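# here are the coordinates; sequence isn't available:
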Ligand SMILES: Nc1ncnc2c1ncn2[C@@H]1O[C@H](COP(=O)(O)OP(=O)(O)OP(=O)(O)O)[C@@H](O)[C@H]1O
Ligand SMILES: [Mg+2]
């Protein structure tokens, strides 16, 4: 008995060790194979094990709705995703390491683009199975942007801002007005001013416009809040959230409380993916520069930061506007994904969601924000069948994390792309 | 001409006059000392000169230009670097990041560089890093380069503060009790470091100290502050033999 157990442990250990030998590239290829497999035999396998259709979210929804199908759903997830992905990643670890090594010799942008292309391929194939997946995926990417941009303020800068949904609303309405006004015929604004075909190309401008509107809102908060030291920001930003919401409710030209629709279908998966990647890239660049790290210095000791030549007030105001900008862009995407917005979306509940993602994932960390945004979005989708219980389980989870890891799951960790895509299995080269 | 001049500066905290009619003239390369019992107003004088507080009365001139009313970061960027009496380090930054941060005002790549990682940014950051590495070496903290400051021994934390202050490229360095809480061995080391720094960068140093011995060894000129007023000013020997100073310090544990 003892021996069997030991063998099991070492087997497990060896398995884990052998899996660690695969570079990220190998894993991505493994996942590509998995999603391809789903395309080829997913439906057949699902019906064969008695599932009504391909499980949309890794079987969670099915398992919660009909517990009897738990074994089938688990079997499906194991045999379509987990085993093929791990197996392939392990089997091709030698060639994928060789490829990763080759790629690694190019300027960093080349391997990064290759990895991103593969990642996109995986997401695209995965989302292709059902419209619901596509929607969930895009909303998840938007949630990651929201989380990361709020982390900038609440994590990196150590302030407590409550206005993020307000910025999202400003961006959502800003971008919506932009695209409806110029590129869609609509009863609010009348005929389209510019040819509709141009619209998709001008969408980035609309998003930036939305982001800038949000930044302006942020400036209005930042100036009074950062004038003196102290905890004014939490209160002022909360007030701002309510003001934005009721202002929009009272603006008839954007539909008031009924909301606004008619946004063209610009926010497709490739667009949302690209914007999310750009958002992560720029924010990560920022927080790794000395100018960005000044946020940490301001958070940890503002007086010392000032004495070391850091213009703390300007740093805080700019970072706050920068965070708001990305919340605005995320809002613009959000409005174009749903193709409808109403002010009710951007209230306290949204605030609670984003805050939860930030603190769950981890403060001061890009990894943490990605993890928090993805896991809580998916979890909240997956637990949907539980209805009310969802709002007991998610907060409970959050409390547990707060007890055992007060700063979140992956806090204070630099997101080092180079280390991420580095070939594995040559310990002597891992400096 | 004096590098730094303080003329008839006074400061009130509410009704309390913490500093009264204080004047100072520091020439380039000079080491000045400021001694006085607890609560005399020494740190307040530092805070006033470096712009943390605004003096109620009087003027402060650096290179002939008044710096009263400037923000502390502007004053620091002009060349008044400082350390803090109670270590004020950034708990989530590494030693290297500390020293590089102090070169903030020297970075000109701006937000564009920060957002997009331009070549200019990489060049400037590399330069900054090299400079930081030299300073860490000089202050003997290179071995802690990638560690968070909290994990460092106390003496090393003090040296990190000094390296950080030097990274701002000060012309006058303000040291607020750099040996507070140190054992004799560390004290001796710190004295050596201050000498080394002074020689290497040819900067003026303004030192607050409790330990008379240290001040006597290092300083060209010393002021004694009691209840916000300078009661004696002169060379270390003059100060040591001044009856008022002896009285102010008599029975104090800080006399060594
Ligand atoms: N921010 C403040 N507000 C009100 N009073 C203050 C403030 N800072 C200092 N004081 C008071 O001013 C006086 C001088 O304080 P200061 O810290 O300058 O003394 P010090 O000479 O540095 O003493 P120590 O040797 O203990 O460091 C003290 O009475 C102190 O209580
Ligand atoms: Mg003091």
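Received, thanks. In this text the structure is predicted, and so the values were computed from the model without any measurement. Numbering: from 1, shown residues only, chains lettered A, B, ... in the order given. Ligands and ions are numbered 1, 2, ... in the order given.
# buried ones in stretch B:5-12?
For stretch B:5-12, a neighbour-count test (16 or more other C-beta atoms under 10 Å in any protein chain shown) marks B:5-6, B:9-11 as buried. For glycine as for every other residue, the C-beta is placed from the backbone atoms N, C-alpha and C.
# SS state for residue B:233?
At residue B:233, secondary structure determined by DSSP: H, G, I helix; E, B strand; the rest coil is strand.
# and it, what does it touch?
Residues in contact with residue B:233 (C-beta atoms under 8 Å, 6 or more residues apart in numbering or on different chains) are B:221-224, B:239.
# ok so, going back, show me the two of the buried residues of stretch B:5-12 that sit farthest apart.
Using C-beta to C-beta, the buried residues of stretch B:5-12 span at most 16.7 Å, a distance reached by B:5 and B:11.
# Mind checking which of the buried residues of stretch B:5-12 land in strands?
Among the buried residues of stretch B:5-12, the members falling in strands (DSSP state E) are B:5-6, B:9-11.
# Out of the residues you listed, the closest to ligand 1 would be?
Taking C-beta to the nearest ligand atom as the measure, ligand 1 lies nearest residue B:11 of these, at 8.6 Å.
# what residues are up against the nearest residue to the closest one once chain neighbours are set aside?
Residue nearest to residue B:11 in three dimensions, not counting chain neighbours: residue B:19, with 4.4 Å by C-beta to C-beta, 6 or more residues apart in numbering or on different chains. Residues in contact with residue B:19 (C-beta under 8 Å, 6+ apart) are B:9-11, B:41, B:44-45, B:48, B:55, B:228.
# same thing but at 6 Å, please
With contact set as C-beta atoms under 6 Å, 6 or more residues apart in numbering or on different chains, residue B:19 has these partners: B:10-11, B:41, B:44-45, B:228.
# Could you do residue A:282 as well?
By C-beta under 6 Å, 6+ apart, residue A:282 lies in contact with residue B:115.
# residues of the helix or strand containing it that come out buried?
Element membership of residue A:282 [criterion: DSSP states H and E] is helix A:269-288. Judged by neighbour count using 16+ other C-beta under 10 Å, the buried positions of helix A:269-288 are A:269, A:271-273, A:275-276, A:279-288.
# What's the first helix or strand after that helix?
Next in sequence after helix A:269-288, counting helices and strands by DSSP H and E, comes helix A:290-300.
# Look up which residues are beta-bridged to the residue positioned nearest the centre of chain B.
Nearest to the mean C-alpha position of chain B, by C-alpha atoms, centre = their mean, lies residue B:174 at 2.0 Å. Counting by DSSP bridges, residue B:174 is bridged to residue B:82, residue B:206.
# I'd like the distance between it and ligand 2.
To ligand 2, residue B:174 is 12 Å away according to C-beta to the ion, to the nearest Å.
# before we move on, what about residue A:121?
To ligand 2, residue A:121 is 63 Å away according to C-beta to the ion.
# Now pLDDT and distance to residue A:117 too, for the ones in strands among the buried residues of stretch B:5-12, in TSV please.
Converted to TSV, those look like this (pLDDT from 0 to 100; distance: C-beta to C-beta, whole Å):
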residue	pLDDT	distance to residue A:117
B:5	96	64
B:6	97	63
B:9	97	64
B:10	96	68
B:11	97	63
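# sorry, back to before: the residue nearest to the centre of chain B reaches residue B:46, doesn't it?
Yes. Between residue B:174 and residue B:46 there is a contact under C-beta atoms under 6 Å: 5.3 Å.
# picking up where we left off before, go through the buried residues of helix A:269-288 and say which is closest to ligand 2.
Distance to ligand 2, by C-beta to the ion, is smallest for residue A:287 among those, at 34.7 Å.
# Roughly how far does the closest one sit from residue A:171?
21 Å (C-beta to C-beta, to the nearest Å).
# Residue A:227 should be in a helix, yeah?
No. Using three-state DSSP, the secondary structure at residue A:227 is coil, not a helix.
# Give me the pLDDT value at it.
As predicted, residue A:227 sits at a pLDDT of 80.
# Which helix or which strand is home to the residue lying closest to it once chain neighbours are set aside?
Nearest residue to residue A:227, sequence neighbours excluded (C-beta to C-beta, 6+ apart): residue A:313, at 7.9 Å. Assigned by DSSP H and E, residue A:313 belongs to helix A:312-338.
# Assess the claim that residue A:359 and residue A:408 are in contact.
Yes. Between residue A:359 and residue A:408 there is a contact under C-beta under 6 Å: 5.5 Å.
# Ligand 1 contacts on chain B?
Within chain B, the residues that sit near ligand 1 (C-beta under 6 Å from any ligand atom) are B:13, B:18, B:36, B:38-44, B:85.
# which element follows the helix ranked longest in chain B toward the C-terminus?
Secondary structure of chain B per DSSP state H: the longest helix is helix B:119-138. Per DSSP H and E, the first helix or strand lying C-terminal to helix B:119-138 is helix B:154-167.
# Tell me which stretches of the stretch 151-256 of chain B form strands.
Here the stretch 151-256 of chain B has its strands, by DSSP state E, counting those that start in this stretch, at B:172-176, B:204-208, B:221-226, B:229-234.
# Look up the pLDDT of the residue lying closest to residue B:79 once chain neighbours are set aside for me, please.
Nearest in space to residue B:79, with sequence neighbours left out and distances taken as C-beta to C-beta, 6+ apart, is residue B:171 at 3.7 Å. Residue B:171 carries a pLDDT value of 96.
# Repeat that for the one 10 residues further on.
For residue B:181, the model assigns a pLDDT of 84.
# tell me the phi and psi of it?
phi 70, psi 10 (degrees, to the nearest 10).
# Show me what from chain B comes close to chain A.
When proximity is defined as C-beta under 6 Å from any C-beta of the partner chain, chain B approaches chain A at B:72-73, B:76-77, B:82, B:88, B:90-93, B:100-102, B:104-105, B:114-115, B:117, B:168.
# Produce a ChimeraX select command limited to the buried residues of the residues you listed.
Of the residues of chain B next to chain A, the buried ones can be selected in ChimeraX as follows, counting by 16+ other C-beta under 10 Å:
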select /B:72,73,76,77,82,88,90,92,93,100,101,102,104,105,114,115,117,168
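# Looking at the residues of chain B next to chain A, which are in helices?
Judged by DSSP H, those include B:72-73, B:76-77, B:100-101, B:114-115 as members of helices.
# does the residue in chain B that ligand 2 sits nearest to count as helix, strand or coil?
Per C-beta to the ion, the residue of chain B with the smallest distance to ligand 2 is residue B:43, at 3.1 Å. Three-state call for residue B:43 (three-state DSSP): helix.
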